[in-house]
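1. Need coordinates for the below:
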Amino acid sequence: MRPGLRERWRQQPPWARGALAVYGIGFFQGACWHIVDLARGGIHGYAPFAPLPLRVFFACLLVLDPLLVVLVGRVRPAGVLLAGGVMVLDAAANWIVNWPQVHRDPALLLRPVGLLPITLFCVFVLATQVPLLRAIGGDRRTPGPYCPGAEA
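-> Residues are numbered from 1 along each chain as shown. Sure, this is the predicted structure:
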């Protein structure tokens with residue numbers, strides 16, 4: 001029998017709980033940001049500056065970001081795996097869209113909103129992904145405390 005949510009959080013080492021919390025906060029903030037963008041500009045809010053494939057991806061983040069908050073909050077390995085993929089695509093899409101402005105004025109990278117936090121969060125997610133998967137039992141080679149088939 002799998003432990004409940006509280007037990008899954010309690011079973012994680014402190015660094016893993018902290019990393020999961022940062023994931024949850026980061027994706028919650030991203031979800032809020034994309035909801036605000038949609039409320040401000042409607043379905044075509046990204047049209048002035050993003051090509052169609054990136055507009056579709058940014059719209060998909062309205063679903064992916066909250067889904068990641070739920071998966072990570074439930075300490076699911078799928079959430080950690082999906083987080084890495086979403087962040088690589090999100091950071092790449094934001095760099096593509098913002099590159100002309102950054103090329104003209106590199107100081108834009110120092111702003112606390114925009115590319116800097118997205119890039120730093122992407123690096124954090126990628127740097128913690130494999131150790132976090134091992135800690136929560138998403139790496140089948142080293143089962144975590146509640147992985148099916150693991151000896152307790």
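
2. what residue ranges in this structure are flagged as low confidence?
-> 1, 138-152 (pLDDT under 70).

3. residue boundaries of the helices in it?
-> Ranges of helices within the chain are 5-11, 14-41, 52-73, 77-104, 115-136, based on DSSP state H.

4. Any chance of those in JSON lines with mean neighbour count as columns?
-> Where C-beta positions appear, they are placed from N, C-alpha and C, glycine not excepted. Conversion of these to JSON lines gives the following (neighbours: other C-beta atoms under 10 Å):
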{"stretch": "helix 5-11", "mean neighbour count": "13"}
{"stretch": "helix 14-41", "mean neighbour count": "16"}
{"stretch": "helix 52-73", "mean neighbour count": "17"}
{"stretch": "helix 77-104", "mean neighbour count": "16"}
{"stretch": "helix 115-136", "mean neighbour count": "18"}
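
5. Thought Trp95 was touching Leu108, still the case?
-> No - contact between Leu108 and Trp95 fails when scored by C-beta atoms under 8 Å: they sit 11.6 Å apart.

6. shared neighbours, those two?
-> Val102, Leu115 (C-beta atoms under 8 Å, 6 or more residues apart in numbering).

7. Contacts only, for Leu109.
-> Neighbours of Leu109 in contact, by C-beta under 8 Å, 6+ apart: Val102, Leu115, Leu116.

8. ok, so what distance separates the residue nearest to the last one when sequence neighbours are not counted from Thr119?
-> If I follow you right, that is Leu116. Nearest-residue entry for Leu116: Leu109, 5.9 Å, with adjacent residues in sequence omitted and distances by C-beta to C-beta, 6 or more residues apart in numbering. Counting by C-beta to C-beta, to the nearest Å, the separation of Leu109 from Thr119 is 8 Å.

9. Arg134 too?
-> As judged by C-beta to C-beta, Arg134 and Thr119 stand 25 Å apart.

10. before we move on, what about Cys32?
-> 19 Å.

11. swap in His44?
-> His44 sits 26 Å away from Thr119, going by C-beta to C-beta.

12. and what of Asp65?
-> In this view, Asp65 and Thr119 are 17 Å apart by C-beta to C-beta.
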